[in-house]
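Trainee: What would the 3D arrangement of this be:
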Amino acid sequence: MAAEYKLVRNPNPHHDNRVLPLHARLVSGGTVSVDDIMRDLKARSSFSPADIKGMLQLLQDIMADYLMFGKNVELDGIGTFSVSLQCRPVMNKKEIRAESVHFRSINYRPSVKLCRRLETMPVFRADSSKQIRHYTLDECREHLLRYLNNHTFITRKTYMQLNARSKPQACMDLKQFLNEGIINRYGQGPTTFYMKRPSGDE
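Mentor: Residues are numbered from 1 along each chain as shown. Model prediction:
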């Protein structure tokens, strides 16, 4: 399904009768594994799963080397990674030695490019009854066009997640939209994707 949110209130830190306002919180859609990423990369490229896994491992090794020597690592379009340190609190710098300073964590600052892409992410309010919402074809068409207004292309898998459609339903929907002339199909098999049909395209 597409990303969902729920409205929640934080606990009142003052423990009085004041009710805090609601705010939106993303409902986790699960965690994507390396195997998931490899499968999607394989579908969009000519690299083998072994090549992709090897490159990801090599990237991890090189990033660790740079970070270990105090370098920030910037991945274009993804963000910047840096190391944070920890030590016991002291009042005078002479009270601490290098042996007492340790690695704490890795900081991540997302790139402007990535943030801008996510500004247009489609979100829907989570159904508190936990039942899957069934969208009409008109609603699916609206979601599709909204997505393609902000993204270059869409895959069948993304369409299925966007509209909570099964594979057979998604295939029928996309075939209908192809017949309507609102999208064009490119590629074949697992590399198939769809783009919005330019106005005036015959």
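
Trainee: all contacts plus neighbour counts: C-alpha atoms, from now on.
Mentor: Noted.

Trainee: Helix or strand with the lowest mean pLDDT in this structure?
Mentor: Ranked by mean pLDDT, DSSP states H and E, the helix or strand of the chain with the weakest confidence is helix 34-43, at a mean of 79.

Trainee: Show me which positions of that one end up buried.
Mentor: Residues 38, 41-43 are the ones in helix 34-43 that count as buried (16 or more other C-alpha atoms under 10 Å).

Trainee: same deal with stretch 149-162?
Mentor: Buried residues in stretch 149-162, counting neighbours by 16+ other C-alpha under 10 Å, are found at 153-154, 156-160, 162.

Trainee: cool, and stretch 77-86?
Mentor: Counting neighbours by 16+ other C-alpha under 10 Å, one finds that the buried residues in stretch 77-86 are 79, 81-83.

Trainee: Just send those residues back as TSV, with secondary structure, distance to residue 124 and pLDDT too.
Mentor: As requested, the buried residues of stretch 77-86 are arranged in TSV below (DSSP: H, G, I helix; E, B strand; the rest coil; distance: C-alpha to C-alpha, whole Å; pLDDT from 0 to 100):
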residue	secondary structure	distance to residue 124	pLDDT
79	strand	27	96
81	strand	31	97
82	strand	34	97
83	strand	35	96
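
Trainee: Quick check: the residue most central in space within the chain vs residue 134, distance?
Mentor: Most central in the chain under C-alpha atoms, centre = their mean is residue 118, positioned 7.7 Å from the mean C-alpha point. Counting by C-alpha to C-alpha, to the nearest Å, the separation of residue 118 from residue 134 is 25 Å.

Trainee: Residue 169 too?
Mentor: Using C-alpha to C-alpha, one gets 11 Å for the distance from residue 169 to residue 134.

Trainee: can you check residue 36 too?
Mentor: For residue 36, the distance to residue 134 under the criterion C-alpha to C-alpha works out to 26 Å.

Trainee: Over to residue 33?
Mentor: Taken as C-alpha to C-alpha, the spacing of residue 33 relative to residue 134 amounts to 28 Å.

Trainee: again with residue 45
Mentor: 33 Å.

Trainee: Show me what the longest helix seen in the chain is packed against.
Mentor: Once the chain is assigned using DSSP state H, the helix that runs over the most residues is helix 49-68. Contacting helix 49-68 under the criterion 3 or more C-alpha pairs under 8 Å, 6 or more residues apart in numbering; DSSP states H and E are the following elements: helix 34-43, strand 73-75.

Trainee: any chance of the ones you listed in TSV, plus distance to residue 67?
Mentor: Written out in TSV, the entries for those read as follows (distance: least, C-alpha to C-alpha, whole Å):
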stretch	distance to residue 67
helix 34-43	22
strand 73-75	7
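
Trainee: right, so of these, which gets closest to residue 184?
Mentor: With distances scored as C-alpha to C-alpha, the stretch of those nearest to residue 184 is helix 34-43 (18.5 Å).

Trainee: Just the angle for the closest one relative to helix 49-68, thanks.
Mentor: Counting by axes from the mean of the first three to the mean of the last three C-alpha atoms, to 10 degrees, helix 34-43 lies at 120 degrees to helix 49-68.
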